[in-house]
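Colleague: The sequence and its predicted three-dimensional model are supplied below.
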Amino acid sequence: MNERKNIDRLFQEKFKDFEDFPHANVWKNIEKQISKKKKSRIIPLWLRLAGAAAILLLVISSGLWIFNSSDKDQIVPKEIIITDSDNNNDLLNENDSKDKIVNEVNLSTVKKSQEQNLISKPTKEKDQISVVKSQTRDRNNKNQEIANTKSQKVANNAVVATNITQEEDSKNKVNKFSNLQTSEEGIALEEASDVKEPSKNDIQTALDKTDIEEKNVENKETKWSIGSTMAPVYYNTLSNGSPIDGSLSDNDKTSNGSVSYGLKVNYKLNDKLSFQSGINTLELGYTTENVATLLSSSLLENSSTNIDTNIEGVSLAVISTERQNSDSSIQRSSIDDSGALDQTLGYVEIPMELKYNISQKKLGINVLGGFSTYFLYRNQVSFTSFGKTTTLGEASNINSLNFSGNLGLDFDYNISKKLYINISPMFKYQFNTFSRSSGGFQPYYLGIYSGLNFRF
Amino acid sequence: MGLKKLINKCKQKDRKAQSEIYQLYAGKLFALSLKYSRNYQEAQDNLQNGFITIFNKIEQYNFKGSFEGWLKRIVINTVLQTYRENNVLNLITEEIIDEVEIEVDDEQVSLDFLLKLIQELPNRYRLVFNLYVLDEYSHREIANMLGISEGTSKSNLSRARVILRDKIELSKSSIKKNEAF
């Protein structure tokens, strides 16, 4: 009638074409999860930024509010003194308003503490999670302990049980039962220690391997980045000196705030090192104070002024107003003590820099070093006296090509995987700016470069 | 659309292609997940997690070997992973017994009933029985996957068979009893 069949074959045959469709929700959940992964890379960053900004705003505004309300507090008593002489009712009113203000202050402090709660909440949740985790861990341990003690107890029971059987046959069944349990549990204990650490199987290791490869690919993808730079530039000299005329060495000089802007290209050589170049326009300007000009004077013969005028047939010299005042031979009836000489140099700068990474987290910190090549495109000297500015011409001692050594720090803040903000304060020391008689002028400039960069 | 084209579109995270792959394989993979899990809900969870892994790792499928096999390995691996995380595998151990051939009467037993029996097996018996009998892994592979010895794997299999046989026989005798009334 019924043929005996290998149990394996029975199951194999039954399950051969087994298919079953899960609930439609399963796909919905999968869809949600795989689309979440894509977005989660960007959103939390913005959320965090927005959150940080919001918290900052709250702290500042609440701080201001408290500050303001305490100010009011100080003003009110003065008013009381004034109204005191008029009548008592007013005084009472003022007292009321004082109370109100006190209330306001209280309110603001309450608000503040609420904000603090808000801020501390996330960390609390984290703590709770970790507590729960450790609890479950404890529970696992306890389970094992319980399992151990259980089997011991059962073993004891078994001993008791065997004792009982010697006296009473009627409890045979119970005895057998407990014996069975003890043997199973005992073996469980024995084998539990035999169990090896679960080793990762082939798929898992393969997946891990490809994970690493994936990361490498990602690195390759983002080796290049390009961005804009903008920097306020402060130009000055390391020593006293004047490239325009040696005699102006001791005159005060101030930097004319100017702006450098351009493009930056960055190529990642390895994890630590990247190469950076680009193109910037740069205008360096400074003002030499207390200067007077001399036109076609007899003094010009031994002057060392490095200005080529654009007015034909005229030669020109600059001297400090101090000298002009003291030297009787060149004294004039009217001089402007605040006469000032402006020198402006416009360059196209091509920097070549190496960037070495110190720390790469959310905020990357780098040290930057290199040199720049400058091509002169603007060279102008102008003179301001009696409220009028005259272009005198151009400096005759400026090289059309010069260099600088660059050193600085560089901070990268990642907005997203592709986008980062870069801020880098730089010190650039110029060589070879002047073809002759630099007048002891050792020019450098400081710039704080910032910009938005895009990785690709 | 050819399967290869579909897979390539999945690699580009094309939602429509992902949906199609799901429609194509959800039936088979859910059946697989049902066999390896303790109940329907757990099977759905495992299937869901399996598919998420599949879509996240699909660029690693290099068209060597069958795609279905690759999918199945991921689902099985997902199940094993949850057991490893919960550390339940190590708690069920037993005396090593010899491998035995077990035969049962080939009567009409329903698939649902057999599935229920498999799901009711202790975790490791269920995994070993599934891997060896239904998915044709060797004892060596199973030992590797579960972090046990080959002997333990064989012994687990035999115990699983005994339990399954006993339950099948028991159900038959109860059916006969019912018929008698």
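Modeller: Thanks, I have it. Numbers count the residues shown, from 1 in each chain, chains lettered A, B, ... in the order given.
Colleague: how about the residue of chain B found nearest chain A, phi and psi?
Modeller: Of all residues in chain B, residue B:147 sits closest to chain A, at 3.0 Å by C-beta to the nearest C-beta. (Glycine included, C-beta is placed from N, CA and C.) Dihedral pair for residue B:147: phi 70, psi 40, per degrees, to the nearest 10.
Colleague: Where does the prediction get shaky in chain B?
Modeller: Along chain B, segments meeting pLDDT under 70 span B:1, B:86-101, B:105-107, B:175-181.
Colleague: If you count residues, where's the longest helix of it?
Modeller: Longest helix in chain B by number of residues (criterion: DSSP state H): helix B:150-180.
Colleague: Pull out the buried positions in that helix.
Modeller: Neighbour-count burial for helix B:150-180, with 16 or more other C-beta atoms under 10 Å in any protein chain shown as criterion, is recorded at B:152-161, B:163-165, B:167-168.
Colleague: and which of the residues you listed is nearest to residue A:381?
Modeller: Ranked by distance to residue A:381 (C-beta to C-beta), those are led by residue B:153 at 91.4 Å.
Colleague: and that closest one, what is it in contact with?
Modeller: The neighbours of residue B:153, taking C-beta atoms under 8 Å, 6 or more residues apart in numbering or on different chains as the test, are B:128, B:132, B:139, B:142-143, B:146.
Colleague: quick check, residue A:425 in a strand?
Modeller: Yes: counting by DSSP: H, G, I helix; E, B strand; the rest coil, residue A:425 is located in a strand.
Colleague: Check the gap between residue B:19 and residue A:34 for me.
Modeller: 11 Å (C-beta to C-beta, to the nearest Å).
Colleague: wait, I meant residue B:144
Modeller: To residue A:34, residue B:144 is 30 Å away according to C-beta to C-beta.
Colleague: same deal with residue A:21?
Modeller: From residue A:21 to residue A:34 the distance is 20 Å (C-beta to C-beta).
Colleague: try residue B:12
Modeller: From residue B:12 to residue A:34 the distance is 13 Å (C-beta to C-beta).
Colleague: One more: residue A:427?
Modeller: 49 Å.
Colleague: Okay, domains of chain A per the record?
Modeller: Per the record's domain assignment (automatic domain parsing), chain A is made up of the domains A:42-187, A:219-455.
Colleague: near chain B, anything from the longest one?
Modeller: No: with C-beta under 8 Å from any C-beta of the partner chain as the threshold, domain A:219-455 lies outside contact range of chain B, at a closest distance of 13.5 Å.
Colleague: Quick check, central residue of chain B?
Modeller: residue B:36 (3.4 Å; C-alpha atoms, centre = their mean).
Colleague: who's in contact with that residue?
Modeller: B:43, B:46, B:75-76, B:79, B:126-127, B:130.
Colleague: any idea of the mean pLDDT in the longest strand seen in chain A?
Modeller: Ranked by residue count and defined by DSSP state E, the top strand of chain A is strand A:363-385. Average pLDDT, strand A:363-385: 86.
Colleague: just to revisit the earlier point, need the least confident one among the domains of chain A, by mean pLDDT.
Modeller: Note on these: lowest mean pLDDT is at domain A:42-187, with a mean of 51.
Colleague: For residue A:254, pull up the helix or strand it's in.
Modeller: strand A:253-255 (DSSP states H and E).
Colleague: what's in contact with stretch A:379-391?
Modeller: A:244, A:291-293, A:307, A:310, A:318, A:336, A:338-346, A:392-395, A:398.
Colleague: Show me those that map onto strands.
Modeller: If you go by DSSP E, the contacts of stretch A:379-391 have A:291-293, A:307, A:318, A:340-346, A:392-395 in strands.
Colleague: what's the farthest-apart pair in those?
Modeller: Within those, A:292 and A:346 form the most distant pair, 26.1 Å apart (C-beta to C-beta).
Colleague: Which of residue B:19 and residue A:34 has more residues huddled nearby?
Modeller: The residue with more neighbours, out of residue B:19 and residue A:34, is residue A:34; 17 against 14, by other C-beta atoms under 10 Å in any protein chain shown.
Colleague: Need the three-state assignment for that one.
Modeller: Per three-state DSSP, residue A:34 ends up helix.
Colleague: Just the element for residue A:286, please.
Modeller: Here residue A:286 is assigned to strand A:273-288, by DSSP H and E.
Colleague: That strand pairs with which strands?
Modeller: strand A:253-255 (antiparallel), strand A:258-268 (antiparallel), strand A:340-360 (antiparallel) (DSSP bridges).
Colleague: between that strand and strand A:363-385, how many degrees?
Modeller: Put simply, strand A:273-288 runs at 20 degrees to strand A:363-385, going by axes from the mean of the first three to the mean of the last three C-alpha atoms, to 10 degrees.
Colleague: and strand A:273-288, which residues are buried?
Modeller: In strand A:273-288, counting by 16+ other C-beta under 10 Å, buried: A:274, A:276, A:278, A:280, A:282-288.
Colleague: What ranges does the chain have for its strands?
Modeller: As the question left the chain open, I've gone with chain A. Under DSSP E, chain A gives strands at A:4-6, A:224-237, A:253-255, A:258-268, A:273-288, A:291-295, A:307-309, A:316-320, A:340-360, A:363-385, A:388-395, A:401-414, A:419-431, A:443-455.
Colleague: not what I meant, chain B
Modeller: Under DSSP E, chain B gives strands at B:103-105.
Colleague: Let me see the contact set for the nearest residue to residue A:284 once chain neighbours are set aside.
Modeller: Leaving out its chain neighbours, the residue that sits closest to residue A:284 by C-beta to C-beta, 6 or more residues apart in numbering or on different chains is residue A:235, at 4.3 Å. When contacts are counted by C-beta under 8 Å, 6+ apart, residue A:235 touches A:255-256, A:258, A:284-286, A:443-445.
Colleague: swap the cut-off to 6 Å and go again
Modeller: Each residue near residue A:235 by C-beta atoms under 6 Å, 6 or more residues apart in numbering or on different chains is listed here: A:255, A:284, A:286, A:445.
Colleague: any idea how far chain B is from it?
Modeller: 52 Å (C-beta to the nearest C-beta, to the nearest Å).
Colleague: swap in residue A:23?
Modeller: Distance, residue A:23 to chain B, using C-beta to the nearest C-beta: 7 Å.
Colleague: What residue spans form the domains of chain B?
Modeller: Using automatic domain parsing, the domains assigned to chain B come out as B:3-86, B:94-180.
Colleague: how far does the last one sit from the chain's center?
Modeller: The reference is to domain B:94-180. Chain-centre distance of domain B:94-180: 12 Å, with C-alpha atoms, centre = their mean, to the nearest Å.
Colleague: hmm, back to that, which residues belonging to the longest strand of chain A are considered buried?
Modeller: A:364, A:366, A:368, A:370, A:372, A:374, A:376, A:379-385.
Colleague: For residue A:404, grab the count of nearby residues.
Modeller: Applying other C-beta under 10 Å, I find that residue A:404 has 24 neighbouring residues.
Colleague: Quick check: bridge partners of it?
Modeller: Bridge pairing for residue A:404 (DSSP bridges) gives the partners residue A:372, residue A:430.
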